[in-house]
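Engineer: Here is my input; please provide its structure:
(chains A and B)
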Amino acid sequence: AQRVTQPEKLLSVFKGAPVELKCNYSYSGSPELFWYVQYSRQRLQLLLRHISRESIKGFTADLNKGETSFHLKKPFAQEEDSAMYYCAPASSGGYNKLIFGAGTRLAVHP
Amino acid sequence: GAVVSQHPSRVICKSGTSVKIECRSLDFQATTMFWYRQFPKQSLMLMATSNEGSKATYEQGVEKDKFLINHASLTLSTLTVTSAHPEDSSFYICSARLRTGVGTEAFFGQGTRLTVV
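Structural biologist: Next up is the predicted model:
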């Protein structure tokens, strides 16, 4: 069965501290992996995707196929990073439907 | 970027009535749209995949007769909650995927908060 696990409901750090939001997945085939972010009172938006190997707003995520993980990292958290973060694999074929993890709320304190 | 718009953003209805929620892709065509449901402080749960010109595909446990989906054009999908009851109160979100230069990206509507009284 397709499953995505984000073990932490809440991650609370101080400004300037490193953050790592964990994501593990169990998926058949080779899914595309995404991180979506939802800032307060805003709609969900794409943060980054594994195939781009990009850094967005200082965040990076490395796909580890051996560990089936796609953890999101940032070396120095900022207050404006406070938001809800969702890890979301998408099936590589068919309708490419996204399945969301439970989400991790990142709270960055001054 | 691409924009997906939902209407209405909020709706209150009486128990037993039906409510229609619209999802539009404003500047691109979407042969496939997705409907999600989100309970307070919980993640998005995929309800169904809406396909233009054909029947929707529902996820396990989602009642197709309860949540009617129509995708009549390449820019519009509608979700009708039939005979709504208080337990149907939730935040409903649609999304449409667009093929970009580096794969596909899902764009989300702003959501519709349904309250059934």
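Engineer: mind checking the backbone torsions on the nearest residue to residue B:116 once chain neighbours are set aside?
Structural biologist: Setting aside the residues directly before and after it, residue B:116 is nearest to residue B:84 in space (Cβ to Cβ, 6 or more residues apart in numbering or on different chains), at 4.5 Å. Backbone N, C-alpha and C define where each C-beta goes, glycine included. Per-residue torsions, residue B:84: phi -70, psi 150 (degrees, to the nearest 10).
Engineer: Which other helices and strands does the helix or strand hosting residue A:107 contact?
Structural biologist: Assigned by DSSP states H and E, residue A:107 falls within strand A:104-109. For strand A:104-109, the elements it packs on are strand A:10-14, strand A:19-21, strand A:83-90, judged by 3 or more Cβ pairs under 8 Å, 6 or more residues apart in numbering or on different chains; DSSP states H and E.
Engineer: partner strands of it, parallel or antiparallel?
Structural biologist: Looking at strand A:104-109 with DSSP bridges, its partner strands are strand A:10-14 (parallel), strand A:83-90 (antiparallel).
Engineer: Contacts for the longest one, please.
Structural biologist: Same thing as strand A:83-90. Contact with strand A:83-90 is made by A:2, A:4, A:6, A:21, A:23, A:25, A:27, A:31-40, A:44, A:47, A:70, A:72, A:96-101, A:103-106, B:43-44, B:104, B:106, as judged by Cβ atoms under 8 Å, 6 or more residues apart in numbering or on different chains.
Engineer: same question, stretch A:32-39
Structural biologist: Under the criterion Cβ under 8 Å, 6+ apart, residues A:21, A:23, A:25, A:44-51, A:59, A:61, A:63, A:70, A:72, A:82-90, A:92, A:96, A:98, A:100, B:103-104, B:106 lie in contact with stretch A:32-39.
Engineer: Selection in ChimeraX covering whichever of those residues are buried, please.
Structural biologist: Buried residues among the contacts of stretch A:32-39 (16 or more other Cβ atoms under 10 Å in any protein chain shown), as a ChimeraX selection:
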select /A:21,23,25,44,46,47,48,49,50,59,61,63,70,72,82,83,84,85,86,87,88,89,90,96,98,100 /B:103,106
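Engineer: Could you give the number of residues near residue B:76?
Structural biologist: Residues contacting residue B:76 under the criterion other Cβ atoms under 10 Å in any protein chain shown number 16.
Engineer: what about the strands in the chain?
Structural biologist: Chain wasn't specified; assuming chain A. A:3-5, A:10-14, A:19-21, A:24-26, A:32-38, A:45-49, A:60-64, A:69-74, A:83-90, A:104-109 (DSSP state E).
Engineer: Chain B was what I was after
Structural biologist: B:4-7, B:10-13, B:19-25, B:32-38, B:44-51, B:57-58, B:67-73, B:76-81, B:90-100, B:103-108, B:112-116.
Engineer: need those in TSV with mean pLDDT, can you?
Structural biologist: Below are those laid out as TSV (pLDDT from 0 to 100):
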stretch	mean pLDDT
strand B:4-7	96
strand B:10-13	97
strand B:19-25	96
strand B:32-38	94
strand B:44-51	92
strand B:57-58	94
strand B:67-73	91
strand B:76-81	96
strand B:90-100	90
strand B:103-108	85
strand B:112-116	97
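Engineer: Most tightly packed of these?
Structural biologist: For the strands of chain B, the largest average neighbour count (mean count of other Cβ atoms under 10 Å in any protein chain shown) is found in strand B:32-38, namely a mean of 24.
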